[in-house]
Each structure stands twice: as structure tokens, then as C-alpha cells.
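K.L.:
build me a model from this:
(3 chains)
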Amino acid sequence: MQPTGLQESDIAKEIFQLIERLYPICRSITGDGVRQTLRILQEYIPLTIREVPSGTRVFDWAVPKEWNIKDAYIKNSKGEKLVDFQKSNLHVLNYSLPIHEKVSLDELKAHSFSLPDKPDWIPYRTSYYKENWGFCLSHKQLAELQEDEYEVLIDSTLRDGHLSYGEYFIKGERVDEILISTHVCHPSLANDNLSGIALAVFIAKHLKAASLRYSYRFVFTPGTIGSIIWLSLNEVQTIRIKHGLVLACAGDSGKINYKKSRQANAEIDRAVIQALRDSGDGFALHEFSPYGYDERQFCSPGFNLPVGCFMRTPHGEFPEYHTSADNLELVRPKFLADSLTKCLSILEILEGNRRYLNLNPKCEPQLGKRGLYGSIGGQSDGRLQEFAMLWVLNLSDGAHDLLDISEKSKVRFCLIKNAADALLANNLLREASNSVS
Amino acid sequence: MQPTGLQESDIAKEIFQLIERLYPICRSITGDGVRQTLRILQEYIPLTIREVPSGTRVFDWAVPKEWNIKDAYIKNSKGEKLVDFQKSNLHVLNYSLPIHEKVSLDELKAHSFSLPDKPDWIPYRTSYYKENWGFCLSHKQLAELQEDEYEVLIDSTLRDGHLSYGEYFIKGERVDEILISTHVCHPSLANDNLSGIALAVFIAKHLKAASLRYSYRFVFTPGTIGSIIWLSLNEVQTIRIKHGLVLACAGDSGKINYKKSRQANAEIDRAVIQALRDSGDGFALHEFSPYGYDERQFCSPGFNLPVGCFMRTPHGEFPEYHTSADNLELVRPKFLADSLTKCLSILEILEGNRRYLNLNPKCEPQLGKRGLYGSIGGQSDGRLQEFAMLWVLNLSDGAHDLLDISEKSKVRFCLIKNAADALLANNLLREASNSVS
Amino acid sequence: MQPTGLQESDIAKEIFQLIERLYPICRSITGDGVRQTLRILQEYIPLTIREVPSGTRVFDWAVPKEWNIKDAYIKNSKGEKLVDFQKSNLHVLNYSLPIHEKVSLDELKAHSFSLPDKPDWIPYRTSYYKENWGFCLSHKQLAELQEDEYEVLIDSTLRDGHLSYGEYFIKGERVDEILISTHVCHPSLANDNLSGIALAVFIAKHLKAASLRYSYRFVFTPGTIGSIIWLSLNEVQTIRIKHGLVLACAGDSGKINYKKSRQANAEIDRAVIQALRDSGDGFALHEFSPYGYDERQFCSPGFNLPVGCFMRTPHGEFPEYHTSADNLELVRPKFLADSLTKCLSILEILEGNRRYLNLNPKCEPQLGKRGLYGSIGGQSDGRLQEFAMLWVLNLSDGAHDLLDISEKSKVRFCLIKNAADALLANNLLREASNSVS
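P.N.:
Residues are numbered from 1 along each chain as shown, chains lettered A, B, ... in the order given. Got it, this is the predicted structure:
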């Protein structure tokens, strides 16, 4: 695997095209929207779709009833359709009970959500665990509603059924796994989180063709309840997860924001930081907090897995967040491709990171006689590759892995890795027995 | 106990009134001034007055002779009283030997102290451990003295007697103690340290009516020798002191200055910092140094108690320090009340700080079904209390106490405490066995 | 030993005069230039000169053949000597094979080195481990060469022989050693490194007359191969090296630059930092990197000795570095003397640093009765010496040495040392059994 700048490539377009296909579907934490989404993903990667029955106990939770919806509208007394689910699935409070009634303006307003400070946008609202019905509409539209008798229809069902999620496993050389998780429960919202879904798919597509040291597990689940289900069903196997990333909001124009795992200084955290530094682009780091995406569950104290969250602009920090303005114009192919490039460079660091022992620890070995060193001394040019070799030799004492050496030397990881490979080929290093824990 | 802003309250006036009563008394490290002071404090709290005989060995020291003074003056040859102890007890070098003689201007000057750069103020000077006599006067007055024969009178006694100090103990639920110490040896100086004395009294008054987890010990001692005596007499029991504060210079207009204990990161240090952060007011922190007030003794290496020093403007950093300008105008009721509020909020953190275990450590528990969570998802408002609950759940792994959680989350301690209480009431937490060491 | 400002002293001139004597000699990593240099040093200190035969295996390396040179020139077809070794020994590629041929301009250029961006300066180039011949000349001169047939002569020999180095040992009270190492292989280059050689000599001269706790070992070796040889021959004894400094580039006008040992927080690192802070002059610190002078070998992972590098302007950071402009004008007596003063103050800290136990650890001892304390309390002047005593008493708990106390208190080491001496004389301290490891 060898990621490079993909921004101008066909892949950029392909990622975006997947998002375009998924955008119209009305997803929720259960129901056919998720199934339909996962089936489209199966056209890209051989995903397994798993179904968990309503009522299944998963830790402190139970799998909810399955929600499906066909149509919804609000009509005025003249029979004019003022709000139409067919135009935007955000119009319905996600998980709304079915209703078909005539209601007064007051009652309608009591069941309506809008954004007074963003009067043109439809908000995205859910009511998964408290039964309710409701509509979401632009504040402008809500403000224009007159006293009238309105016909409200929500043609939904909320019945025992299943929750669906997708899983894809790539076997590498080791049983140790890297987890890539993303949430698939949001309806027509592009950045949150069709971007994360598409990014995960293209990472998987890339890795499936590669020679890998780690095994990789991709999990496409509805937010919160989905990761709780997955952890509940796979509790014992989580011991294999050595590193993990939750992907979300990965297609907007913002710089990369990385939220560290609860462990704070796990190898995944260090690898992300190094990859982002090496990229030369700006980025922002965040300490773990128990608020955000499914890292909340992976990093709950009973698991405390080394899983961070890779984002561009974090949830809640772009104005379009959880509104109809989080649409296909907010995400751009070049940013999606940049996210892919950076994720692959993170994984490349994890794949390449090892701990070596210098086999000539007393004084430097003579690099020159092995052709590893410039022959005319005294020239003061950079000699960055030689510099990298000297760093690897000096710090390969069993206490430092290549990431440590890259951090300490401020030399890009790929140069440190190349240096280690050259030294290894010349029998100047051997892998330390504790290279992978 | 529930401290709130007391600045406008009657308590602000009451604290100041106590200072007004104590101000005229001529205190020293021994003598009737201290006794009279402690007896006034007994009108507020049931203080025990202890008397330690001169000559008693206390570690490397011996209790000095008792010093008392009735009068002192300097008269010129015309019999005019130029300097009069009755007008300011600062005029006499504290612990002066008795004298009644005629002296030349030169000899008088050899026994006089003034402040050339603050020509209107009388300095405060002591000579506890080297026998001497002397006067303190404003530099302006000293400069005006003519060649003359002066009559100097210091009607003092320095004889075997006792050193007096006050102690007040409030029994709480535990034998573990919080120590509050303040020095009572300064004559008419308001900020240093009638402010500290009055602050300690009003903290004690407040706590005596409260339900307390810790026991509290208030110690009103002459500086240095007093705390050495107390430590000497209570050497074994110091093991019960879990936290402590020395109070000094607590009534001026400056922001709070906290000097950390020698341990530097003791729970008292963390509690003070959190309380000051939570206050929203500016404050300053200082590392421990072996120079200052009685924390010097409490933090000597053989004790190394977790005792910090709570001040407003530190000694030596306000120009009026140790001069006649440290008077009743320098200290203000509102600053005294602010110091009280902040001390009580520190103690409230210590009272409330515990270590819990999350009883649902694998994934988050479902807060919604317990009524602990907003029911409409997707709203991006602060939800600070839910946020606090998530933090408490995530970090209640036995390794973090509530103070840690408040520090890490940057959520005010009282919200963290409320969250923990709500979770505890819902059987989502239990107290860790090592909650109090 | 008691270093003071030596900048105006005769020593400043003497150090410079030694550099003047050594400057004309053509040194290399082997050969008579080094021998001649070491013999001159013997006039100052009773240095032992050691000879190691060519071919001797030292770790991964072998001692090279011995190189000597008598003359070299380039003549044009008119017989005019354009480049003359007698004018500057930098003109010959150091370690050039002998040659005497007629060559075309093209061939001559293929064996010539110049600095296009510094057209007036002759570069310094070496080819120790790859056999080659070559000339170094100013770019201006190179550019002026016309098509012609040139006579090139390099009257050198490269034969089995010896590598020479110097060693001087001063026995102190203990077998623990402080190592001072400097490289002696550069030809007519003043700052790099006649300055380091002369500095080492004058440190040794100073110490030889002093009463010392540590033993001192001075090593004058050709760079890289010389320290590898020394480490190879003295592998077992390196355990005695408790601290060490490599000296280089010590005579220019730049501030002191100190590169820390690989251990990063070794006592030598702390001592250097404290000495430089105490000096009041600006300085710069550098983390260890495996690139530079012989600290590369001393700090290789199999040795990891606590050896830092003391420089003024680091190699490569002054434009004259490794050119003919690194001449007698670049180094100045006053900077050499300043380097000497600072090195001696570092050594003085190492000599004086100990760990003590406070024999009165409970409360402060009464300094006043021992004459160690000002007798008039309340004066707010600095009292720095008393302050130092309080710090020493407070931190002499077995966990802190005097350097720690100086760091924590921000009081100059010499004051801390004086305070400890005064307390020791009064039986208030005793040396901790782990004072020297």
C-alpha cells in the first residue's frame, strides 16, 4: 500500500458518486434505509449485513423496534401540501409514530421543529427512545403558517423487527486488528455522515488489494445503539483490536480534526499525529471527551480501546451541521480524497511501525563501507537519509519504535522507515521481540 | 454547607467589625495582647486557649520569655512627647527591652527604624531572639529630630511566663482532619494578619453549623514559634491532617494568590485551583518556597504536610506591608467576604470529592430510560449536565476522583458533583473503596 | 578551584597563542601533523601520546593507513604555480592519494572542490575512506582556469603506519571520572577545532593544580575513528565516566550552545544548564541528535554515556565553517577565555554537587542562635543567603541534590553551595549515603 495525493484522481470522483447515490435514502437507526444503504456498499466491498432482532438485550440497552416510513405531509384546509416528505426526508422527526389527523395550528406547532437563527434550513431531529410524532421545517415556512385546520400524515411503522449493520473483515498476516467504524443512521445529510461511510468503503477497497500485516475490521453501524450492539456481540474479540478510528464528517473544506482515544497516547494517536505532521497541512488535535460519535462506546471505561475519531470539521462546529444545508454541496471530491490519502498514510504508519535492535550498538557502524554513506566528508548539505539512518541506529535500543524515532528526530516517518529497511537489509538491525504487543 | 457570594451580606460587615475590634491591641509572639485577642475570638467560636511555659523545648527551639508593654515614648529636652506608643503600638520595636534613659540624638538614631522611601509610614520591626531596644518612626519625623538630649521610655517587661495560642476543633464524620492555621502575633496591622484571623473565625462559625465529612482543626498561633510549638505538642496526631490552609493577608483588594504545598500536587492544591477556576475570577498560583508564613513549618521535610497558603496580595508585594499603612482602610468588607466565599468553596470541594466506580462500565448506560437525558436527539445546545454525567461515567474507573474529572472535563466541580449524585441515586455508581485515603 | 572572569587576563592571550602555534600544521586523522600537535601540547600538560597500528579492528571499523604529505601544487603549462599547498594546507583534499601528472582542465575540474556561493574561500574536504585525489580552491580561482595542460603534484604517502592520539589523566579523590574530549584532526581551521584543543589544554592546566573530588580524563583524538578507538581500547573502564563534555568551536563570538547528552537529563546536562543560567549570559540548548562530534560515539546506545557537547556557534551554523575563513581572525582571546570560565564553572558545580540530609527535619532549626540569620525581623530586603539556607534545609530530604535545590529555588549554585557548607559546619546537615552514585 502506498498512498499518494489522490485529490485530482478518479477516486475523488468515485467517492463523491457513492455519496450522491446514498444521499436520497431515508436512513434511521433501524429500517430499510440502512439495509438499502448497506446493499449499495456491497457493490464496492463484500460486506456482510447482520440483523439483530428488536428487544435483544445489549448491555444496558435493548434493540428498539424497527422504524419504516413511506410518506408524510402537512396539508392546509385547502388540501395544499405545504410540507412533503418526498421532497426532503428531514421533514419528519426521525422515528415518528404514525399519525393521520386534523390538527390546529397550535397543536401542529407543538410538534414542529425549526431553527429560528437559520430560517431557510430544515433541522434534523430524532426521537428514538421516546415515542412522539413531529415535523421539521424551515423557520420561514413555520412562521408563515396561518390559523387553519391542518391534515398531518406520517405513514410510518414502528414494530418489532431488526436492526441492521454491516461488517467487513480483511485478514492480514496477524490476528491483531485495526477497527474502522462509521455511523450509517443519518438520512439526507452528506457530511454527517455519508462522507464517513464513503471514506470507510474506499479505505477498505484500497486495503483489500494490499499485502497487510494487520487484519482490518470495518463496521458500519447505526450510531450509539449500533456500536453498543457490536461491542456486546463481540465483547471477547475486542482484545484483538490494537488500533481504531471512527470516521465522521470527512468531506467538508475544513482541516483535519483528530480527537484522541481515551488512552490519549496510544499508538493510533501517535500515528495520526505523525501522519498529519508529515502531510505538511494544518490540523487540530482534541483530547478525548465522552461526547461525539461511537468512540464514546469504544472508549467506555470497560473497553477503553485505542480508538480515536478522524474528522474534518467536527460535529456542531460547521453551521450546516444537522440541517438540510449539510447537502451535496458541502462535501467536495477533493476533500474526500484528501481524507482518504491521510487515512491511508495513518494506516501505513501503523503497518510500518516496529521496534528494532541495533546490532552494532557500540559506536556507529561504518556506513560508508556498506555504501550507505556519502563518501566525500565535510559537505554540509542535508543528507537527510543518512541522518535518518543515524537516528534509527542511535535509538534502536529496544525502548523506541520507529514512530518514537520519527517524533524525536522530526524526520518524516517514511524516511525513518526507509532508513530502517536499508539498515535491516545490511544486517545492522533486527526486530525486537516486543515489536508488536 | 453551601457558600454563595457573600460580598453584600451582613457577614462582610461582621468580619470587618471583628478586625476593627482587634486592631488597637498590641500583639506579639507572647503576652497579654495575644490572650486578649483570643478571648475576643471566644465570643465567636468556642476556642480553647493554651499556655506554654517559657523555656519549654520545642524541637530546635525554646519558648521565649513573655513580653508585655504598658507604655513608651520619646521626649525632647523640653519634655514634648515626640513619639507615643499610645498613638501607635508600631512605634516600639516589638520585644524591646525596658529602658528609661536620657540619650543623645546619635544614640537614639542607632536604635531607631524608619523607611526612607516611604517617609510618612511607621515601619513594623521585631527583635524576638536578640535582646535590644528600639523605636520605629516615620522617616519624616526621624529626619526632623535635632541635636538634643532625649528621654526614651519603654515600659516593657521580658520575663519567664507563657506563650498563648488558640485551638478549635470541629468533629466531623471522620477522624481525618483539615487544618486551618493563621498567625496572631502582629500588632496593629490589618491585612497582615487580622484579616486571616477574622477569616478563620468566620470559616469556623460557618462550619460549626454544617454537616461535615472531615473534622476541622483551627489553630491561632504566633508566627513561626507558635506553629513549631503546635507541631511539637501534636507531632503524632499530624498524621490525621489530610489537607490544610494557612490564611494570611486576606482582606485587600488584590486577587487571590495561592501558594502550593510542598507536595505541589496534593488534593488541597488541586481543590484550591479548581475552586478558583470555578469562581471565574482571576487568581495567581505560586510554587512552594520555604519562605512565607507557617506553611514553612507544616511543610518542613520531616512533616511535609499538604498545607498551602491562601492569600490575596502576598506579603511583601503590597507597599503597605509591615507598615502603619496596613491599616483599616487597606482591608474592605467585600474582599474579606470574597475570601470567605472562596475558602468555603475550597472546603466544599474537599468535602465532596470522592472516587467512584461506574457500575455499567461497558458502553454508556441508557440515561434516557432513567430520565437523566434529554429526549429529543440532535439538538446541539450545551446540555452541560448530561455532559457532566458522561464525564463522570467515563472516568469513574477507580483511577480518577471527582476533582480529576472536573479538571479533565473543564466542567465546574459542583456540576460534576451533582452529576455523580444523580448517577449514584440511579445505582450507576458506587464509591470506590479507596475513595478517601 | 575558583573560576572567575578571565577575559582580560593573560590566560586569554595564552590560549590564543597556543592556537596560533598549532594553526599552520597540516593535521588529518593520522600522520605527523597530529603527532606534532600533541607534542606541542606536551609543553603545557604531561600528555601521553598513544599510537595504534593501521588495520587494528575497533568495533565495526579498522584503523586506516597513515597519511602524510610534503607538498602539493597545480602548475599551468607555463610552469606558473597556481595552487600551492605551502600557502594553505586546505588546498589538498585531506587523505589524497599521491599523484604527479599532466591533466586537462576537465580532468582537473573533476578533482576540484570549490564553494560557488563563497567564491573567495577555500573549502575543507576529506576523503578518508574512499581513495581519491583532489584539490580545494576558491571558486573565483577555479572559474578563472583556462583550457590548458596542468601539472598536478600531490606528494603524499598513504601506507600502513599508526594513528596517534593523546590522553591525560588527573587523579582526584575518587575513581569516578569526568571525561573531556576534543578532536585534533582538522588542518588549518581555527575555531573547528584548535579552539576546542586549546580550551581542553587550559582546563587541564587549571585542574592539575587544584584539589579535586573527581578524576579527570582528557582525550585528544582524531574525530570519529579516534573516539571509536578510544572506546574500543577502554570499553570496560567507561563505567567510571560519570560526566563528560566534548569541546568544539569554542572561540568564536557566538553565545554558548550546549547539546545535551542522549540521557537528556543527566547530571552533566543539569550542571551545564545551571552554570550557564548562573552566568547571566544568553545561551542555547539543543536536544541530543546523533549528528555532530564525538558525542555520537560516546552516546551510541551501547555506551550511552552522559556526555554533552559544549560549543559556541555550532558546526555548520557559522558561514566560515569548514572553509579557509575559519582562521585566526574568527577566534578571539576573550571568547576563548569566556569558554574556559564557563567550563570551569560547570566542573565546579559537578565537584560541589552533593545530596544532604537535614538533621533537624521537623520544623526549621533556629538559625538565629547559630549566627546564621539576620537578627532584626520584619525587614523585607533580599536576604538571599538566608533564603538559600532555608531552601537547602527544606529540600535536603535525600531526594534532592544541591543542583536540584538550585534549580527549584532559582538561587545560583554557588550560593546554595555556600549555604550547604554553612549548615554542614553547624551540624545541621550530613551527606546522604547516596550522594554520589
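
K.L.:
for the residue of chain A at minimum distance from chain B, grab phi and psi.
P.N.:
Per CB to the nearest CB, A:Gly302 is where chain A lies closest to chain B, at 3.2 Å. Heads up, the C-betas are built off the backbone N, CA and C, glycines and all. Main-chain torsions, A:Gly302, degrees, to the nearest 10: phi -70, psi -20.

K.L.:
B:Glu364 is in contact with that one, correct?
P.N.:
No - checked against CB atoms under 8 Å, the pair A:Gly302 and B:Glu364 is beyond contact range at 10.3 Å.

K.L.:
which residue would be the closest one in the stretch 301-437 of chain A to chain C?
P.N.:
A:Pro361 (3.2 Å).

K.L.:
ok so, going back, neighbour count for A:Gly302 and B:Glu364, which is higher?
P.N.:
B:Glu364 (23 against 15; other CB atoms under 10 Å in any protein chain shown).

K.L.:
distance-wise, check that one relative to B:Ala284.
P.N.:
Applying CB to CB, to the nearest Å, the value for B:Glu364 to B:Ala284 is 39 Å.

K.L.:
pLDDT below threshold where in chain A?
P.N.:
Applying pLDDT under 70 to chain A flags the ranges A:1-8, A:374-382, A:434-437.

K.L.:
mind doing that once more with 80?
P.N.:
For chain A, applying pLDDT under 80 flags the ranges A:1-8, A:373-383, A:434-437.

K.L.:
show me it divided up by domain.
P.N.:
A:10-64+A:162-352, A:66-159, A:357-431 (automatic domain parsing).

K.L.:
which stretch among those comes nearest B:Phe202?
P.N.:
domain A:10-64+A:162-352 (38.9 Å; CB to CB).

K.L.:
what's the nearest residue to A:Thr56 if we skip its chain neighbours?
P.N.:
A:Val63 (4.4 Å; CB to CB, 6 or more residues apart in numbering or on different chains).

K.L.:
go on, A:Asp294?
P.N.:
A:Ser227 (3.8 Å).

K.L.:
okay, now the closest residue to A:Thr48 other than its chain neighbours: neighbour count?
P.N.:
Closest residue to A:Thr48 apart from its sequence neighbours, by CB to CB, 6+ apart: A:Glu167 at 5.1 Å. Neighbour count of A:Glu167, defined by other CB under 10 Å: 17.

K.L.:
hey, what's A:Glu167 bridged with?
P.N.:
A:Thr48, A:Val219 (DSSP bridges).

K.L.:
so the residue of the stretch 201-350 of chain A found nearest chain C: helix, strand or coil?
P.N.:
Scanning the stretch 201-350 of chain A for proximity to chain C using CB to the nearest CB identifies A:Arg277 as nearest, at 17.0 Å. Put simply, A:Arg277 is helix when judged by DSSP: H, G, I helix; E, B strand; the rest coil.

K.L.:
and it, how far is that from A:Asp269?
P.N.:
In terms of CB to CB, A:Arg277 sits 13 Å off from A:Asp269.

K.L.:
next: A:Ile256.
P.N.:
14 Å.

K.L.:
show me the contacts for the closest residue to A:Ala264 other than its chain neighbours.
P.N.:
Closest residue to A:Ala264 apart from its sequence neighbours, by CB to CB, 6+ apart: A:Phe288 at 6.3 Å. For A:Phe288, the contacting residues are A:259-262, A:264, A:295, A:299, A:308, by CB atoms under 8 Å, 6 or more residues apart in numbering or on different chains.

K.L.:
find the nearest non-adjacent residue to the spatially most central residue of chain A, please.
P.N.:
What sits nearest the mean C-alpha location of chain A, by CA atoms, centre = their mean, is A:Leu247, with 0.8 Å. Once flanking residues are discounted, A:Leu247 sits nearest to A:Gly196: 4.0 Å by CB to CB, 6+ apart.

K.L.:
how about whatever helix or strand that neighbour lives in: buried residues?
P.N.:
Taking DSSP states H and E as the definition, A:Gly196 sits inside helix A:195-208. Within helix A:195-208, the residues that count as buried by 16 or more other CB atoms under 10 Å in any protein chain shown are A:195-204, A:206-207.

K.L.:
centre of the chain versus it, how much separation?
P.N.:
10 Å (CA atoms, centre = their mean, to the nearest Å).

K.L.:
what do you get for stretch A:336-343?
P.N.:
The answer for stretch A:336-343 is 11 Å, by CA atoms, centre = their mean.

K.L.:
which residues does A:Leu212 contact?
P.N.:
A:1, A:170, A:172-173, A:351.

K.L.:
mind telling me what element it is part of?
P.N.:
Going by DSSP H and E, A:Leu212 is not part of any helix or strand.

K.L.:
just to revisit the earlier point, okay, A:Arg277 and A:Asp269: which has more neighbours?
P.N.:
Legend: neighbour count by other CB under 10 Å for A:Arg277 and A:Asp269, higher for A:Asp269 (21 against 15).

K.L.:
enumerate the residues of the stretch 201-350 of chain A near chain B.
P.N.:
Residues of the stretch 201-350 of chain A lying close to chain B (CB under 8 Å from any CB of the partner chain) are A:224, A:227-228, A:231-232, A:235, A:262, A:287, A:289-291, A:296-297, A:299-304, A:316, A:321-322.

K.L.:
just the buried ones from those?
P.N.:
A:224, A:227-228, A:231-232, A:262, A:289-291, A:296-297, A:299-301, A:303-304, A:321-322.

K.L.:
so what sits opposite the residue nearest to the centre of chain A in the bridge?
P.N.:
A:Thr182, A:Phe310.

K.L.:
hmm, it is touching A:Leu194, no?
P.N.:
No - assessed by CB under 8 Å, A:Leu247 is found out of contact with A:Leu194, at 11.1 Å.
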